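Visitor: build me a model:
(chains A and B)
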Amino acid sequence: MSQTAVVAAVPPAAGALPRRRTRARWAGWGFVGPFMAVFALVFLAPIAYSLWISLFRTQLVGGTTFVGLENYQRALEDPQFWSALGRVTLFLAVQVPVMLGIALLVALAIDSGRLYGRDFFRISIFLPYAVPAVVATLMWGFMYGTRFGLVGNINEAFGVSLPNPLSPDLVLAAIGNIVTWEFVGYNMLIFYAALRTVPTSLYEAAQIDGAGQWRVITAIKLPAIRGALVVAGIFSIIGSFQLFNEPSILQSLAPNAITTYFTPNLYAFSLSFSGQQYNYSATVALLMGVLTMVIAYVVQLRGMRKEA
Amino acid sequence: MTTATPAPTPATPAATRRSAAPRLRSTRGRAPGGTRPRSAERPRRSVLLTVLTGIVLLYSLVPLVWLVVNATKTQGDLFSSFGLWFGDSFALFTNIGQTLTYDDAIFVRWFLNTVLYVVLGAGGATALAVLGGYGLAKFTFPGKRAVFAVVIGAVAVPGTALAVPTFLMFSQLGLTNTPWSVIIPSLISPFGLYLMWTFAAEAVPTELMEAARIDGATEARTFAQVCLPLLAPGIVTVLLFTMVATWNNYFLPLIMLKDPDWYPLTLGLNAWNAQAATAGGEAIFHLVITGSVLTIVPLVVAFLLLQRYWQSGLSAGSVKE
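Guide: Predicted coordinates:
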């Protein structure tokens, strides 16, 4: 085909230029269009729809009435909403630094080239990411169990009685452990991939300057992967605020420890599916979505500004 | 070699393409001649560091060992034997048989549902992300800045925040409790689009596209025959991410589906586990555990075989920030 095409295309090129430009101007939409169409259906439309219904209230008697921002006011005065928000904030403040800290240490250890069996470490620690949240939660839930779990085994073997991880006091920590297990390897790989792109010449220069390992880490490696740290931080913040799967699945193993308003997402879910309070549920989901975006945005701005 | 590469200017595109390839591959840490050759003297290995990192390794692997070991036990042994060692009987194959046949082989049905959701959902999501990412990387068009702003904003909106609103809308449309209610929302992966966008910007030389156009190729043909082969590594990465996301999806099907016949594996396993808690329900913990093993085997295999693509995808995503 190429010979004839070249002959045909080249001569009229000068004259056809304006038409070609116009075609090229819109050609991008041909590729982006399908994504944006489905995106509008599953992202923009649900947000718009829930904005709309969050302004109404439906009652068995009296039907649907327009209430303006009353649902939002109700959420801001709702102790259950605040209790859920407080719980995920605590989770965020403790679990995310622990998880990212371990991930960073492992990434630095693997990148240092001082480990025996480096690839085995890298692959094995990432492996839990492939395990679905349902399986991870059931598995840990069983292990936490005092009946046939490891906690029960340890109690039996050593004649001690460890506190039950699924008790109301400890269940948030138990969930934190599950989430850490699931995502430590994922974050480690983000950091490690970023570390691999640091040019070796920097290390050589540092060596000539007589910098030790610690100096190399603080002066070269950490600044170089700031972008990756910010990205991992944002993903973890989003994950914490939207915590749902793990507590929802653990509910059947620890029914007394996990309330219907344990996390904001669980609360929105219970409102919809047990309470039939769709309008209020949409309000809670929207509030959490906005809050998550604002915090993710602030972290991104702060993280990027330090770079300058 | 693609037919669209024009005869008059073979040198430039071929050269550009060759230079683009190692640049992408180097982030996998495989190519010794890439942007980062390790210095000639290797750092000395440290036993202490290996042992310390080994703690995290154990933390990652012990639960999986527990799961596999306990899949070999009968329900009686589950309660009577030590968790990290085998029980009196080796019941793995009995358990697998029971898992696959329990309740009229509903597990097999769940498996096929999951495959359906993964093929249509993750496959569709990858196709849309590849087209969109290529369009964003390689074209300027009216409204591009708006698309950019909206999609970057959407990366920060997690799927779970949208699930309840999407359910409310889909129930108005009568789509809930059908496979479509799970597949359609799975079609959008903002992260996939973002990965593909950064990947296409580097992997496809604009000169090559110009050459194909001068050759008279339509935009569709330029994409399919010239650019698509260059995008292949990025496509595999995006496909892996969307496949894992769809295979592991729990919240969305939980909200959308009432009928157990349409459940994916994740929802089915949770239903089996919850069965023990309901009045009169039969406790089938050995089947939950064996089913869990069967659920993660395909993913773990895919993951080990294609693991180098994970890292290249993650570095493309983070380095660009």
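Visitor: make it CA atoms for all contacts and neighbour counts henceforth
Guide: Will do.
Visitor: not counting sequence-adjacent ones, nearest residue to residue 92?
Guide: You didn't say which chain, so I picked chain A. Of all residues not flanking A:Leu92 in the chain, A:Ser240 sits nearest, at 5.7 Å (C-alpha to C-alpha, 6 or more residues apart in numbering or on different chains).
Visitor: sorry, I should have been clearer: chain B.
Guide: Leaving aside its chain neighbours, B:Leu92 sits nearest to B:Thr72 (3.9 Å; criterion: C-alpha to C-alpha, 6+ apart).
Visitor: what's the pLDDT at B:Pro32?
Guide: On pLDDT, B:Pro32 comes in at 40.
Visitor: report the closest residue of the stretch 201-308 of chain A relative to chain B.
Guide: Chain B sits closest to A:Ala228 of the stretch 201-308 of chain A, with a gap of 4.8 Å, by C-alpha to the nearest C-alpha.
Visitor: look at that residue and tell me its secondary structure.
Guide: Recorded secondary structure, A:Ala228: helix (DSSP: H, G, I helix; E, B strand; the rest coil).
Visitor: who are the packing partners of the helix or strand hosting A:Gly101?
Guide: With secondary structure defined by DSSP states H and E, A:Gly101 is part of helix A:79-111. Judged by 3 or more C-alpha pairs under 8 Å, 6 or more residues apart in numbering or on different chains; DSSP states H and E, the packing partners of helix A:79-111 are helix A:118-126, helix A:171-195, helix A:226-241, helix A:264-273, helix B:47-70.
Visitor: and A:Asn153, which of these is closest to it?
Guide: Closest to A:Asn153 of these is helix B:47-70 (C-alpha to C-alpha; 12.4 Å).
Visitor: for A:Leu59, grab phi and psi.
Guide: I think there's a mix-up here, since residue A:59 is Gln and not Leu. Torsion angles at A:Gln59 (phi, psi; degrees, to the nearest 10) stand at phi -130, psi 150.
Visitor: what do you get for A:Thr64?
Guide: A:Thr64 adopts backbone torsions of phi -90, psi 130, taken as degrees, to the nearest 10.
Visitor: list the contacts for the closest residue to it other than its chain neighbours?
Guide: Nearest residue to A:Thr64 in three dimensions, chain neighbours excluded: A:Thr58, at 4.2 Å (C-alpha to C-alpha, 6+ apart). Residues counted as contacts of A:Thr58 (C-alpha atoms under 8 Å, 6 or more residues apart in numbering or on different chains) are A:64-65, A:277, A:279.
Visitor: most neighbours of all the residues you listed, which one?
Guide: Using other C-alpha atoms under 10 Å in any protein chain shown as the neighbour test, the contacts of A:Thr58 are led by A:Asn279, with 23 neighbours.
Visitor: can you tell me, leaving aside adjacent residues, what's nearest to that residue?
Guide: Nearest one to A:Asn279, counting by C-alpha to C-alpha, 6+ apart, is A:Ser54 at 4.9 Å.
Visitor: my guess is the one you found contacts A:Tyr280. True?
Guide: Yes: using C-alpha atoms under 8 Å, A:Ser54 is in contact with A:Tyr280, at 6.3 Å.
Visitor: sorry, back to before: dump the contacts of A:Thr58 to CSV, plus pLDDT and secondary structure.
Guide: As requested, these are arranged in CSV below (pLDDT from 0 to 100; DSSP: H, G, I helix; E, B strand; the rest coil):
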residue, pLDDT, secondary structure
A:Thr64, 80, strand
A:Thr65, 82, strand
A:Gln277, 84, coil
A:Asn279, 88, helix
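Visitor: how far away is B:Phe139 from B:Glu219?
Guide: 11 Å (C-alpha to C-alpha, to the nearest Å).
Visitor: what's the overlap in contacts for these two?
Guide: Shared contacts of B:Phe139 and B:Glu219 (C-alpha under 8 Å, 6+ apart): A:Ala27.
Visitor: what residues are up against residue 262?
Guide: Picking chain A for this. A:83-84, A:87, A:247.
Visitor: actually chain B
Guide: Contacts for B:Trp262 (C-alpha under 8 Å, 6+ apart) come out as B:110, B:113, B:177-179.
Visitor: redo the residues you listed as TSV? Include neighbour count, secondary structure and distance to chain A.
Guide: Shown next, in TSV, are these (neighbours: other C-alpha atoms under 10 Å in any protein chain shown; DSSP: H, G, I helix; E, B strand; the rest coil; distance: C-alpha to the nearest C-alpha, whole Å):
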residue	neighbour count	secondary structure	distance to chain A
B:Trp110	21	helix	14
B:Asn113	18	helix	16
B:Asn177	21	coil	14
B:Thr178	15	coil	16
B:Pro179	18	helix	15
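Visitor: neighbours of B:His286, how many?
Guide: B:His286 has 25 neighbours, counted by other C-alpha under 10 Å.
Visitor: mind listing the strands for the stretch 1-150 of chain B?
Guide: Counting by DSSP state E, counting those that start in this stretch, the stretch 1-150 of chain B has no strands at all.
Visitor: which stretches of it aren't confidently modelled?
Guide: For the stretch 1-150 of chain B, the stretches flagged by pLDDT under 70 are B:1-42.
Visitor: then the stretch 201-308 of chain A?
Guide: Along the stretch 201-308 of chain A, the model assigns pLDDT under 70 to residues A:304-308.
Visitor: what helix or strand is B:Ala232 on?
Guide: helix B:228-247.
Visitor: what residues of that helix count as buried?
Guide: Going by neighbour count (16 or more other C-alpha atoms under 10 Å in any protein chain shown), the buried part of helix B:228-247 is B:228, B:230-231, B:233-247.
Visitor: check stretch A:262-282 too.
Guide: Neighbour-count burial for stretch A:262-282 flags A:262-272, A:277-282 (criterion: 16+ other C-alpha under 10 Å).
Visitor: then stretch B:87-95?
Guide: For stretch B:87-95, the neighbour count (16+ other C-alpha under 10 Å) marks B:87, B:90-92, B:95 as buried.
Visitor: over to stretch B:106-125?
Guide: B:106-107, B:109-125.
Visitor: about what we covered before: max pairwise distance over the buried residues of stretch B:87-95: which two?
Guide: The widest separation within the buried residues of stretch B:87-95, taken as C-alpha to C-alpha, falls between B:Gly87 and B:Asn95 and amounts to 13.6 Å.
Visitor: shared neighbours, those two?
Guide: Common contacts of B:Gly87 and B:Asn95 (C-alpha under 8 Å, 6+ apart): B:72-73.
Visitor: how much does the helix or strand harbouring B:Met196 deviate in direction from helix B:228-247?
Guide: Counting by DSSP H and E, the element that carries B:Met196 is helix B:190-203. Taking axes from the mean of the first three to the mean of the last three C-alpha atoms, to 10 degrees, one finds helix B:190-203 and helix B:228-247 inclined to each other by 160 degrees.
Visitor: look up how far chain B lies from A:Gln59.
Guide: For A:Gln59, the distance to chain B equals 17 Å [C-alpha to the nearest C-alpha, to the nearest Å].
Visitor: and that residue, how many neighbours?
Guide: Neighbour tally, A:Gln59, other C-alpha under 10 Å: 10.
Visitor: state the helix or strand in which the closest residue to B:Val236 other than its chain neighbours lies.
Guide: Take B:Val236 and drop its neighbours on the chain: the residue closest to it by C-alpha to C-alpha, 6+ apart is B:Tyr309, 7.0 Å away. For B:Tyr309, the host element (DSSP H and E) is helix B:307-319.
Visitor: so for that helix, mean pLDDT?
Guide: Averaging pLDDT along helix B:307-319 gives 63.
Visitor: surely B:Val56 touches A:Arg122?
Guide: No: the criterion here is C-alpha under 8 Å, and B:Val56 misses it with A:Arg122 at 10.8 Å.
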